[in-house]
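# Structure for the following, please:
(one chain, ligands or ions: 1)
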Amino acid sequence: MIETIDIKIGQTAKSRINELDFDNIPFGRVFSDHMFVAEFDNGVWKNFEIRPYEFLSLSPANTILHYGQSVFEGMKAYKNLNGEAILFRPLDNFIRLNKSARRMCIPELPEELFMGGLTELIRKDSQWIPDRPGTSLYVRPFIFASDDYIGIKPSDTYKFIIFTCPVGAYYSQPVRVKIETEFSRAFEGGVGYAKTGGNYAASLYPAKLAQEKGYDQLIWTDGKTHQYIEESGTMNLMFVIDGKIITAPTDDTILKGVTRDSALTLARDWGIEVEERKVAVAEILEALKAGKVQEAFGTGTAATIAHIAEIGYDGVDYQLPPVEGRTVSNKILAALNDIKLGKAEDKFNWIHKV
Ligand SMILES: *Cc1c(COP(=O)(O)O)cnc(C)c1O
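Model (predicted):
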């Protein structure tokens with residue numbers, strides 16, 4: 001039994017919702033009226049509050065600005081066909097946030113704080129959940145160190161904040177990706193499995209170089225040998241070869257995606273064979289050359305399924321079959337949409353009504 005928490009609930013003086021064009025929502029640039037804030041001090045989480053979305057005031061010496069002790073999550077809220085607000089698998093995000101927090105020496109959150117703050121905030125700003133096809137309310141919970149101290153040690157104080165933003169589609173068309181064999185995202189023993197700020201800062205430069213060559217994203221390979229495929233940008237990566245889904249296992253170098261798990265669970269339930277194992281670059285190249293890669297796609301909350309149109313390796317680009325014929329990824333995408341909208345049975349208990 002989870003106890004509820006006491007949240008002080010404030011109210012914005014003037015809602016900004018009329019400024020939003022629901023037919024044309026940019027990704028990640030418009031923020032809903034309110035945010036949830038909690039503080040960690042003297043060993044406890046306290047001061048739970050919903051207040052207007054506003055700027056934070058930080059000292060220049062705040063450790064988060066220098067050393068990156070932070071963790072975050074990303075999930076989505078939807079309106080189902082009955083107009084009810086739902087969250088997709090929020091408990092999985094809660095568990096992963098705490099797993100990331102442990103790695104970064106950040107105090108874990110009690111479940112009632114995460115879920116209580118989250119549901120109150122979504123209720124408060126429920127009119128910000130868009131309902132046009134492909135749109136949703138992106139939810140960003142995060143925790144950051146907040147001591148004013150220029151020295152390297154875990155902070156004594158933290159802030160946990162949740163804000164939300166209505167979003168449209170992340171990628172509007174299939175993506176071109178490049179297999180990266182020079183730069184690395186993660187190493188064994190490192191922080192690749194954690195959703196922590198520095199992982200993304202480190203990925204910007206190699207991604208920028210790839211973008212200059214016309215690619216949208218990178219496919220990361222293992223940091224030691226660059227011979228095994230890991231994940232792509234902010235998505236886990238799957239291939240369909242001979243009707244089977246092949247994907248890398250999530251160890252400490254790969255972020256364990258909730259969308260990845262949903263996709264694999266559905267596929268297994270339908271009797272599609274799934275191989276979670278090391279995926280050699282050489283194996284994928286050989287299959288690409290032989291025209292045997294039927295589908296390749298990324299899975300992640302932002303895009304749900306991002307079809308891959310083209311894979312580049314060593315200056316050669318390999319085209320993949322047209323998206324229309326991709327039965328596995330299209331079926332997964334359609335099934336996830338139907339579950340979120342309440343059109344299909346929620347067999348695995350993924351829907352959390354707010
Ligand atoms: C968030 C993220 C994913 C996808 O996780 P989901 O839970 O499916 O959104 C995959 N890889 C990285 C590096 C990520 O940050």
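# now the helices for the chain?
Counting by DSSP state H, the chain has helices at residues 64-67, 90-103, 111-124, 197-212, 258-269, 281-289, 327-341.
# Now do stretch 272-283: distance from first to last residue.
One end of stretch 272-283 to the other measures 20 Å (CA to CA, to the nearest Å).
# how far out from the middle of the chain is it?
How far stretch 272-283 lies from its chain's middle: 22 Å, per CA atoms, centre = their mean, to the nearest Å.
# what does that stretch contact?
179, 181, 221, 226-229, 239, 243-249, 264, 267-268, 313, 328 (CB atoms under 8 Å, 6 or more residues apart in numbering). From N, CA and C alone the C-beta is placed, and that goes for glycine too.
# Now, those that are in strands?
Among the contacts of stretch 272-283, the members found in strands (DSSP state E) are 179, 221, 228-229, 239, 244-247, 313.
# Could you give me the ChimeraX selection string for whichever of those residues are buried?
Buried members of the ones in strands among the contacts of stretch 272-283, defined by 16 or more other CB atoms under 10 Å, are picked up in ChimeraX with:
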select :179,221,228,229,239,245,246,247,313
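# Reformat the ones in strands among the contacts of stretch 272-283 as JSON lines; add distance to the ligand and pLDDT.
Below are the ones in strands among the contacts of stretch 272-283 laid out as JSON lines (distance: CB to the nearest ligand atom, whole Å; pLDDT from 0 to 100):
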{"residue": "Ile179", "distance to the ligand": "16", "pLDDT": "98"}
{"residue": "Thr221", "distance to the ligand": "14", "pLDDT": "98"}
{"residue": "Tyr228", "distance to the ligand": "16", "pLDDT": "98"}
{"residue": "Ile229", "distance to the ligand": "13", "pLDDT": "98"}
{"residue": "Phe239", "distance to the ligand": "16", "pLDDT": "98"}
{"residue": "Lys244", "distance to the ligand": "21", "pLDDT": "98"}
{"residue": "Ile245", "distance to the ligand": "15", "pLDDT": "98"}
{"residue": "Ile246", "distance to the ligand": "17", "pLDDT": "98"}
{"residue": "Thr247", "distance to the ligand": "12", "pLDDT": "98"}
{"residue": "Tyr313", "distance to the ligand": "21", "pLDDT": "98"}
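# Identify, from the ones in strands among the contacts of stretch 272-283, the entry nearest to Lys340.
Here the nearest of the ones in strands among the contacts of stretch 272-283 to Lys340, counting by CB to CB, is Ile245; it sits at 21.1 Å.
# Surely the closest one and Leu237 touch.
No. Between Ile245 and Leu237 there is no contact under CB atoms under 8 Å: 10.8 Å.
# What about the residue nearest to Tyr67 when sequence neighbours are not counted, how many residues nearby?
Leaving aside its sequence neighbours, Tyr67 sits nearest to Ile152 (CB to CB, 6 or more residues apart in numbering; 6.5 Å). Neighbourhood size, Ile152 [other CB atoms under 10 Å]: 9.
# for Asp147, same thing?
18.
# How about it, nearest residue that isn't a chain neighbour?
Closest residue to Asp147 in three dimensions, ignoring its sequence neighbours and counting by CB to CB, 6+ apart: Ser155, at 4.2 Å.
# go on, Arg176?
Closest to Arg176 by CB to CB, 6+ apart is Glu310, at 4.4 Å.
# check contacts around the one you found.
Applying CB under 8 Å, 6+ apart, we find Glu310 in contact with 176-177, 317-320.
# so it bridges to which residues?
Beta-bridge pairing for Glu310 (DSSP bridges): Arg176, Gln319.
# Neighbours of Ile95, how many?
By other CB under 10 Å, 15 other residues sit near Ile95.
# distance of it from Ser203?
Applying CB to CB, to the nearest Å, the value for Ile95 to Ser203 is 24 Å.
# quick revisit: which residues are in contact with the residue nearest to Asp147?
63-64, 69, 145-147, 149.
# related to what we said a few turns ago, test my guess that the residue nearest to Tyr67 contacts Gly68.
No. Look at Ile152 against Gly68 with CB under 8 Å: they stay out of range, at 11.1 Å.
# For the closest residue to the ligand within the stretch 101-250 of the chain, which non-adjacent residue is closest in space?
Here the stretch 101-250 of the chain gets closest to the ligand at one residue, Thr234, 4.2 Å apart by CB to the nearest ligand atom. Excluding its sequence neighbours, the residue lying closest to Thr234 (CB to CB, 6+ apart) is Gly300, at 5.4 Å.
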